[in-house]
Each structure stands twice: as structure tokens, then as C-alpha cells.
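Q: pasting a predicted model and its sequence here:
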Amino acid sequence: MKVTDPGGQTWRVTRRWVPWRRRLKGTLGNLPDIFSSGLGDDPVSLVIGAVLLVLALPFLLLALVAGLELLLLLLVFPFALLVRVVLGQHWTVEARRGFRIHWQDEAGDWQASGSRIHDVSAAIERGEIPPQNVDLPTSEPDSESDSR
């Protein structure tokens, strides 16, 4: 459900369909477009092409990993959905500010999660923003307090 808070910020309150969040979401659009100009057939172009290939290799590997993750998601999704529906797994409701997850909580079965989505959406529209409990910065332990 898409809602807007009193400050004009867009929020999306939805169910999470699979038990995990994609980690490489949006990385395919960030790949450089270095091969669009084309290269000649002389030795200098061969050297330039080899250098560009070495520079592009990390991005190509990242694209391969993102593609494999997406393929795995597409293969597992029907089974995860079937298990959730048949076995009555709990659904996670999440509120995203823009597209970044801000808050999440377990909500129970399908009907309870739908009710929770409506409740959270109505609260956001009233200006009652849920507390951030996702991607909170972790504080490192103080090394001076550990010393004797």
C-alpha cells in the first residue's frame, strides 16, 4: 500500500513475499557502458580491449552474481509461497521510506498481515512514523573500556 506522510514523503507498506531481502538489488543498472564505442582490428585496439576487459571483469562478475541471485529467487519463489500459504507461515510486514526499508515486524497469517498493513499505513498518514528497526548503524565496542 502506498501512502504519504504529512511531510510529503512517500511510504510503501507491504508484505515480504520471501524470507530474505535481495542484497544486490539495483546493481545491474550501475554497470558501466564501456563497450559501446567499438574497437578496431589493430594491435593497439587489442591492448585497449584487453585493459578494458580486465577493468570490466569485477562488474561482469557482479552482474553474474546478481543474475544468479535473481534466478534462484525465481526458482524458490513458488515453493516459498506454497509453504507460506499451506503451512500458515507468518508474514513479515515492512514499511519502506521511498524504496529503503525503514521498519519491519512479524504480522501473523495473511489476514492479520493485511490488517497490520492497513493499521501501519493509517498511522503513517497521521504522521505516526514507526520506529526504525532495520539497517540501524551498529556501534563498535569501545576498546578503551575493555582494557585493564
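A: That came through fine.
Q: who's in contact with the helix or strand hosting residue 113?
A: Using DSSP states H and E, residue 113 maps to helix 110-125. Contact partners of helix 110-125, identified using Cβ atoms under 8 Å, 6 or more residues apart in numbering, comprise 1, 3-6, 11, 13-15, 85, 91, 93, 95, 103, 105, 107-108, 129-130. (Each C-beta comes from the backbone N, C-alpha and C, glycine too.)
Q: in strands, which of those residues fall?
A: Residues of the contacts of helix 110-125 located in strands (DSSP state E): 3-4, 11, 13-15, 91, 93, 95, 103, 105, 107-108.
Q: can you tell me which of the residues you listed are buried?
A: 3, 11, 13-14, 91, 93, 95, 103, 107 (16 or more other Cβ atoms under 10 Å).
Q: quick one: mean pLDDT for the longest helix belonging to the chain?
A: The single longest helix within the chain, with elements called by DSSP state H, is helix 43-87. Throughout helix 43-87, pLDDT has a mean value of 86.
Q: packing partners for it?
A: Taking 3 or more Cβ pairs under 8 Å, 6 or more residues apart in numbering; DSSP states H and E as contact, there are no helices or strands that helix 43-87 lies on.
Q: now the angle from it to strand 10-16?
A: Counting by axes from the mean of the first three to the mean of the last three Cα atoms, to 10 degrees, helix 43-87 points 60 degrees away from the direction of strand 10-16.
Q: chain center to helix 43-87: distance?
A: 15 Å (Cα atoms, centre = their mean, to the nearest Å).
Q: before we move on, the earlier item: farthest-apart pair in the ones in strands among the contacts of helix 110-125, please.
A: Pairwise distances across those (Cβ to Cβ) peak at 26.6 Å, for the pair 4 and 108.
Q: what about residue 135, distance to residue 97?
A: Distance from residue 135 to residue 97, counting by Cβ to Cβ, to the nearest Å: 11 Å.
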